[in-house]
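Novice: Sequence and computational prediction follow.
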Amino acid sequence: RLMGLASFAPALRPLSRFQTNTPDVEIELTAAPGEVSIQPGAPTRVWKFTGRVLRGPATTLETIPGSYLGPVIRLRKGQRVRIRIHNRLPEPSIVHWHGLDVPDVADGHPRLAVEGGRDYVYDFEVINRAGTYWYHPHLHGSSAMQVGSGMAGALIIEGPIDDVPAIAAAQERVFVFQSPLYDGNGRLESFAQVASYTTNEPPFLINGVRQPVILMESGSVQNWRFVNAGTFNMLNLSLDRHTLYQYSHDGNPRRTLRPVAPLSDTAYWSNPNSAPVPPPAAYPEGVVLAVGGRSNVLVRAGAPGTYQLRTFPIEMGRNKPEAGTVVPGDVVATVIVVDAASPMSLPPEPLPVTPFLTPITDEELAANGGLKRTIVMRVIPAKQPDPPLIDPPPGEWPDWIFHENYPPGANPPTASQINDKVYALG
């Protein structure tokens, strides 16, 4: 059910009361160094996840053939899950289940990071709605390096929407978009290398393959799951002459299909020298994924031919009114539609949406002593100018400081991107 591309001294933490119960699913994941051929020449050094199922359906883990990425984890709402992480890296790490609502001790918080050679056990019940999620390291100060070294994997929660006959009959493809960060020798040795990338991040790979070929039969429907597991750049996906029918985004399902029409060739450019001058007020959007974003779309193949799946130029932010940070376009895959009598239908609406969390009303918040506030996150210099950028009430300044030095408590602090800055909450 995966891509099917044509080219393509350990110590466990103590058992909790929940861990004494037998889980429905138990798996182990090992994080360890490895080498793969991503570019011509010397192999690229990566850090990657491998895994095996200890209890539960064999389909809980699905290895992506020929890829350095972690196995696809497939769970179902209501399952009790235990995951054993073996850290065999030369530095600390911890794994975060991006998008899942889990207990604090199972969320991969940086404070829970374990040293190389040690293990960590996660226990939680799957309460999220059906959708596409992902997992990745969450070590403070090293997340970008570890993700940029290849440590990522898709995590799928199945539910009633996956049982809809038209969706169950569609061939599923998982697209994990990633841009491994490496130098000309296939190495990622320092945070300085990571910090040197912004919009010049290497081109996206799909499941570890550059511009793979995807086969479809005319009239058939496929179920595509997109995950942006990159480090910096957004995606703005569009398929030539095909509408993408979006039914879930970031784990939030829809009761109706959202048709995303193909973008015009006039909006596409891949060379910054070809960017329009002056820049447009807005860039046309297909299926947009920020880093960490996920989306599920249905695709019904059109006439036989060759088409391109492209990410179109997208503005990621604007520091000045007249100019923004724009990621150029790129061809990420080729879709070949062959002539075959395979007529399939899109699912009827409304689609089943599983209840999740009941919204908290203003009345409920007020009745429990809550206050309605606006929260703003900012990064400001630790050494305040005169007058200061912020002036909190007396005694509250310590509550505003998340990290002033790195690592916390280090004297002297290690030079890092966050050194001499304050992460402010107000």
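Specialist: It's in.

Novice: quick one: which helix or strand includes Glu364?
Specialist: Glu364 is part of helix 362-367 when elements are defined by DSSP states H and E.

Novice: what about dumping the CA coordinates of that helix to PDB?
Specialist: Listed in PDB are the C-alpha atoms of helix 362-367, where the atom choice follows Å, rounded to 0.1, in the frame of the first residue of the first chain:
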ATOM      1  CA  ASP A 362     -16.300  30.900  26.900                       C
ATOM      2  CA  GLU A 363     -18.800  30.000  29.600                       C
ATOM      3  CA  GLU A 364     -17.000  26.800  30.600                       C
ATOM      4  CA  LEU A 365     -13.700  28.700  30.700                       C
ATOM      5  CA  ALA A 366     -15.100  31.400  32.900                       C
ATOM      6  CA  ALA A 367     -16.900  29.000  35.200                       C
END
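
Novice: Mean confidence (pLDDT) on it, please.
Specialist: Average pLDDT, helix 362-367: 83.

Novice: Tell me where the model's unsure across the protein.
Specialist: Per-residue confidence for the chain (pLDDT under 70) gives these ranges: 1-20, 183-200, 318-324, 357, 371-426.

Novice: Check it and tell me which residue is nearest its centre.
Specialist: Gly292 (3.0 Å; CA atoms, centre = their mean).

Novice: OK, contacts around the closest residue to it other than its chain neighbours?
Specialist: Residue nearest to Gly292 in three dimensions, not counting chain neighbours: His98, with 5.8 Å by CB to CB, 6 or more residues apart in numbering. The C-beta positions use only the backbone N, C-alpha and C, and glycine is treated the same way. Contacts for His98 (CB atoms under 8 Å, 6 or more residues apart in numbering) come out as 133-136, 155, 292.

Novice: of all those, which two lie farthest apart?
Specialist: Of all pairs drawn from the contacts of His98, the widest gap by CB to CB lies between Leu155 and Gly292 and measures 12.2 Å.

Novice: can you list residues touching both of those two?
Specialist: With contacts defined as CB under 8 Å, 6+ apart, the residues adjacent to both Leu155 and Gly292 are 98, 134.

Novice: Quick check: the gap between Tyr268 and Pro284.
Specialist: Relative to Pro284, Tyr268 is positioned 9 Å away (CB to CB, to the nearest Å).

Novice: same question, Phe49
Specialist: As for Phe49, its distance to Pro284 is 36 Å (criterion: CB to CB).

Novice: Between these two, point out the one with more neighbours.
Specialist: With neighbours defined as other CB atoms under 10 Å, Phe49 and Pro284 compare such that Phe49 has more, 23 against 16.

Novice: Tell me how many other residues surround the closest residue to that one other than its chain neighbours.
Specialist: The spatially closest residue to Phe49, leaving aside those adjacent along the chain, is Gly70, at 3.2 Å (CB to CB, 6+ apart). Neighbouring residues of Gly70 were enumerated by other CB under 10 Å; the total is 28.

Novice: wait, isn't Gly70 in contact with Gly153?
Specialist: Yes. In terms of CB atoms under 8 Å, Gly70 counts as a neighbour of Gly153; the distance is 2.8 Å.

Novice: any idea where the helices of the stretch 151-300 of the chain begin and end?
Specialist: When assigned using DSSP state H, counting those that start in this stretch, the helices of the stretch 151-300 of the chain occupy the ranges 165-168, 191-195.

Novice: Which positions within the shortest one qualify as buried?
Specialist: To tie it back to what came earlier, the one meant is helix 165-168. Ile167 (16 or more other CB atoms under 10 Å).

Novice: Now do that helix: distance to the chain's middle.
Specialist: Distance of helix 165-168 from the chain centroid (CA atoms, centre = their mean, to the nearest Å) equals 25 Å.

Novice: Likewise for stretch 255-274?
Specialist: Distance of stretch 255-274 from the chain centroid (CA atoms, centre = their mean) equals 21 Å.

Novice: Verify the contact between Gly99 and Trp134 for me.
Specialist: Yes. Assessed by CB under 8 Å, Gly99 is found in contact with Trp134 at 7.4 Å.

Novice: quick one: common contacting residues for those two?
Specialist: Common neighbours of Gly99 and Trp134 (CB under 8 Å, 6+ apart) are 155, 294.

Novice: Give me the more crowded residue out of these two.
Specialist: In this comparison of Gly99 against Trp134, neighbours counted by other CB under 10 Å, the higher total goes to Trp134 at 26 against 19.

Novice: three-state assignment of the more buried one?
Specialist: strand (DSSP: H, G, I helix; E, B strand; the rest coil).

Novice: 90 is where my numbering starts, stick with that
Specialist: Done: numbering now begins at 90, and the last item shifts to Trp223.

Novice: do you know how far it is from Ser126?
Specialist: When Trp223 is compared with Ser126 (using CB to CB), they lie 24 Å apart.

Novice: cool, and Val366?
Specialist: Counting by CB to CB, the gap from Val366 to Ser126 is 40 Å.

Novice: Then Pro301?
Specialist: When distances are taken as CB to CB, Pro301 and Ser126 turn out to be 15 Å apart.

Novice: between those two, which one's more packed in?
Specialist: The neighbour comparison of Pro301 against Ser126 (other CB under 10 Å) goes to Pro301, with 21 against 13.

Novice: surely that one meets Val265?
Specialist: No. Pro301 lies out of contact with Val265 (CB under 8 Å); the separation is 11.6 Å.

Novice: Now do the shared contacts for those two.
Specialist: Common contacts of Pro301 and Val265 (CB under 8 Å, 6+ apart): Ile295.

Novice: all strands for the stretch 190-339 of the chain, in order.
Specialist: With DSSP state E, counting those that start in this stretch as the definition, the stretch 190-339 of the chain shows strands at residue ranges 208-214, 220-226, 242-247, 260-267, 294-295, 302-306, 310-317, 324-328, 333-338.
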